[in-house]
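In: Quick one, what's the 3D model for this:
(chains A and B)
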Protein chains: 2
Amino acid sequence: MRPLTVAAAQLGPIALETSRSATVSRLVGLMEAAKARGADLIVYPELALTTFFPRWYFEDEAELDRFYEREMPGPETRPLFDAARDLGIGFHLGYAELTADGTRFNTAILVDRSGSIVGKYRKIHLPGHGEHEPWRAFQHLEKRYFAAGNLGFRVFDAFGGRIGMAICNDRRWSETYRVLGLQGAEMVLIGYNTPIHNPPAPEHDRLSWHHNELVMQAGAYQNATFVVGVAKAGVEEGVHQMGGSLIVAPTGETVAQAVTEADELVVATCDLDLCRSYRDSVFAFERHREPGAYALIIGTKGPVAPDEARRIDPALARPDD
Amino acid sequence: MRPLTVAAAQLGPIALETSRSATVSRLVGLMEAAKARGADLIVYPELALTTFFPRWYFEDEAELDRFYEREMPGPETRPLFDAARDLGIGFHLGYAELTADGTRFNTAILVDRSGSIVGKYRKIHLPGHGEHEPWRAFQHLEKRYFAAGNLGFRVFDAFGGRIGMAICNDRRWSETYRVLGLQGAEMVLIGYNTPIHNPPAPEHDRLSWHHNELVMQAGAYQNATFVVGVAKAGVEEGVHQMGGSLIVAPTGETVAQAVTEADELVVATCDLDLCRSYRDSVFAFERHREPGAYALIIGTKGPVAPDEARRIDPALARPDD
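Out: Next up, the predicted model:
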């Protein structure tokens, strides 16, 4: 048994004008509640310090800047680190990062029980669009406001296990989990902000919860890892975002899930040793994977025509008799 | 609308001593029934011509040979091709293949309405073990009786769409669907023989159906393709094999499923144009994939230590501040 008690801290809406310090106080309150429920680690969602600002088009870069953190911790976020150290609990926090060289990332950090940052991730799969599209009911300008993460998918040894991170749209891509799984991840932490309405494909809206659970269950099972998915939920500045925060076991089963669209703690004690049951049998990568057949996965970004596919993977051109 | 009516032809058990010609007659009967229900294509499972022989250890190679086809069609399988041409229906058939140079593959073919073979696949992800393990209640000697497929994951333009194939254990690996999805697959045909009892990990047995549906739903949704999964089911020579044959849409929803463990046709009319809704939005690979972050997927077969991971993908060594 290697039990890790994790609290997924789903957040209800954060208004545009809510101050950073008010939000941090709210997060500290959830941290105290998580500690009272025995949590070793509390997981806040993506961009947990502000409203989900990519829903607006800002022409003025200075107006955009207010959503980003230039240092972590900074004066307004330090209370989170202090509370973690005082309570002896770790946390995962998503926020917008502005680096010294002026690059913007959609970032998450992992902080241990002593209040030290022990892991950092920058979102790789940026959804949405890069230009203003006024026809949409609301924007999803992540491709404008963030650069794609440059740190890869890393794992961090902490909390008695091996922890990976991903953010929001990353959870829909099987590659995310596989790269972490190949490094032995035992728990993947994923914050998200997902509008229920998808303007370019409204026919998907009714399936938001199904897709959300499907991709995290599949990622967990196929990589023998726990997955913790944490939403910012509810109607935020007029946009309805899905909840559905959940904790998934390596069995592919949902262990615990949120049932509201507000602030809500979803807590489970996860025995990290459960990963072994899958990693040593059906998903013993070292016995069963066949990377010689996977060339297209890194050989192309988009779809390929048959000729191009055969150039990338000559096995596709081998006579079949 | 590009409707393709497909019939998943789940099979109940085939006994060890059942003749090839008796089985082929049974398959022809299902083909006639599928045609009567409007099917353009009938999909038979993996190793559909014989019992699932990898459950036994054969020391004598000649004894093993009887399960393999040396030609396709051969005298015993020709009635299937004749029926397809006469009825004007295509079929997908899994069988054990022995090539002219003596290599053994776990193979599937796609045959068009004129009775011509238009596609071939040889199973890549071989499960089980390579040596006799007498402690098991039954063997799963696919790694002994088959070579890993050497044709890659290909797609075939047929039946008004683009068709991919995979076999049994392939369906648990996200790479299978991604390689096919990158080539624009609109329907993936997957036959399987899956014992409910997994001797090295019996704790998974209760989850057989969940895992079966989970991996095919995720593969369909994440690659904007239909998936047709077809079982050989029921208690065959003392081993209970799961049913659960199903047809999954690109929505990740199960359109139709088997409810028995016997011969049963699961029929659905699949509008292949539905794939576009996902392929043009959330899974528009050309806009959203980030293959620069996927190096580990082909850079290693098994799990890697952190140092090795950083050697394969230098982004994992980049300073994070």
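In: So which bits of the stretch 1-150 of chain A are right by chain B?
Out: Listed as neighbours of chain B in the stretch 1-150 of chain A under the rule Cβ under 8 Å from any Cβ of the partner chain: A:99, A:120, A:124-127, A:148-150. For the C-beta atoms, the positions are set from N, CA and C on the backbone; glycine is no exception.
In: Neighbours of the closest residue to chain B within the stretch 1-150 of chain A, how many?
Out: Nearest residue of the stretch 1-150 of chain A to chain B: A:Lys120, at 4.2 Å (Cβ to the nearest Cβ). Per other Cβ atoms under 10 Å in any protein chain shown, the neighbour tally for A:Lys120 reads 20.
In: List the beta-bridge partners for it.
Out: A:Ile109 (DSSP bridges).
In: show me what contacts it?
Out: A:107-110, A:151, B:320-321 (Cβ atoms under 8 Å, 6 or more residues apart in numbering or on different chains).
In: do that again at 10 Å, thanks
Out: A:Lys120 makes contacts with A:72, A:97, A:105, A:107-110, A:149, A:151, A:154, A:156, A:165, B:319-321, as judged by Cβ atoms under 10 Å, 6 or more residues apart in numbering or on different chains.
In: what about it, distance to B:Gly181?
Out: Relative to B:Gly181, A:Lys120 is positioned 31 Å away (Cβ to Cβ, to the nearest Å).
In: coming back round to it: could you flag which of the contacts of A:Lys120 are buried?
Out: Among the contacts of A:Lys120, those scoring as buried are A:72, A:97, A:105, A:107-110, A:149, A:151, A:154, A:156, A:165 (criterion: 16 or more other Cβ atoms under 10 Å in any protein chain shown).
In: which ones among those are found in helices?
Out: Among the buried ones among the contacts of A:Lys120, no member is found in helices (DSSP state H).
In: and which of those is nearest to A:Glu46?
Out: Checking those against A:Glu46 with Cβ to Cβ, the nearest one is A:Ala108 at 7.2 Å.
In: wait, the closest one sits on A:Leu93?
Out: Yes. With contact defined as Cβ atoms under 10 Å, A:Ala108 counts as touching A:Leu93 (6.6 Å).
In: Find residues that contact each of these two.
Out: In contact with both A:Ala108 and A:Leu93: A:43-48, A:191, using Cβ under 10 Å, 6+ apart.
In: out of those, which is most surrounded?
Out: Most neighbours among the shared contacts of A:Ala108 and A:Leu93, by other Cβ under 10 Å: A:Gly191, with 32 neighbours.
In: Enumerate the positions of stretch A:223-239 that are buried.
Out: Quick answer for stretch A:223-239 (16+ other Cβ under 10 Å): A:223-234, A:236-237, A:239.
In: Now do the phi/psi pair for A:Val227.
Out: Main-chain dihedrals, A:Val227, degrees, to the nearest 10: phi -130, psi 130.
In: need the residues of the stretch 1-150 of chain A next to chain B in CSV with distance to B:Asp170, can you?
Out: Formatted as CSV, the residues of the stretch 1-150 of chain A next to chain B follow (distance: Cβ to Cβ, whole Å):
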residue, distance to B:Asp170
A:Thr99, 42
A:Lys120, 36
A:Ile124, 26
A:His125, 25
A:Leu126, 30
A:Pro127, 29
A:Ala148, 30
A:Gly149, 30
A:Asn150, 33
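In: out of the residues you listed, which are buried?
Out: The buried subset of the residues of the stretch 1-150 of chain A next to chain B - by 16+ other Cβ under 10 Å - is A:120, A:124-127, A:148-149.
In: got a pLDDT number for the residue in the stretch 51-200 of chain A positioned nearest to chain B?
Out: For the stretch 51-200 of chain A and chain B, the shortest gap (Cβ to the nearest Cβ) falls at A:Ser174, measuring 3.5 Å. At A:Ser174, the pLDDT value in this model is 98.
In: List the single closest residue to it in space, sequence neighbours excluded.
Out: Nearest residue to A:Ser174, sequence neighbours excluded (Cβ to Cβ, 6 or more residues apart in numbering or on different chains): B:Ser174, at 3.5 Å.
In: one step back: nearest to A:Thr300 among the buried ones among the residues of the stretch 1-150 of chain A next to chain B?
Out: Nearest member of these to A:Thr300, counting by Cβ to Cβ, is A:His125, at 16.0 Å.
In: wouldn't that closest one be in contact with A:Thr176 here?
Out: Yes. Using Cβ under 10 Å, A:His125 makes contact with A:Thr176 at a distance of 7.1 Å.
In: For those two, list the residues in contact with both.
Out: A:166-167, A:169-170, B:290, B:293.
In: Could you identify which of these has the most neighbours?
Out: Most neighbours among the shared contacts of A:His125 and A:Thr176, by other Cβ under 10 Å: A:Ala166, with 31 neighbours.
In: who touches that residue in this structure?
Out: Here A:Ala166 is in contact with A:46, A:108, A:121, A:123-125, A:149, A:153, A:172-173, A:176-177, A:179-180, A:185, A:188-192, A:216, A:219, A:227, A:229 (Cβ under 10 Å, 6+ apart).
In: For it, give the beta-bridge partners.
Out: Assessed by DSSP bridges, A:Ala166 has beta-bridge partners A:Ile190.
In: Just the pLDDT at it, thanks.
Out: Looking at A:Ala166, its pLDDT stands at 98.
In: What separation do you get for it and A:Ala108?
Out: 8 Å.
In: Mutual contacts of these two, please.
Out: Residues within reach of A:Ala166 and of A:Ala108 at once, by Cβ under 10 Å, 6+ apart, are A:46, A:121, A:123, A:149, A:189-191.
In: tell me the contacts of A:Arg276?
Out: In this structure, A:Arg276 makes contact with A:2, A:186, A:224, A:250, B:201, judged by Cβ under 10 Å, 6+ apart.
In: List the contacts of the closest residue to the first one other than its chain neighbours.
Out: Using Cβ to Cβ, 6+ apart and skipping residues adjacent in sequence, the residue nearest A:Arg2 is A:Leu272, 4.2 Å away. Taking Cβ under 10 Å, 6+ apart as the criterion, A:Leu272 is in contact with A:1-4, A:159-163, A:186-187, A:225-226, A:250.
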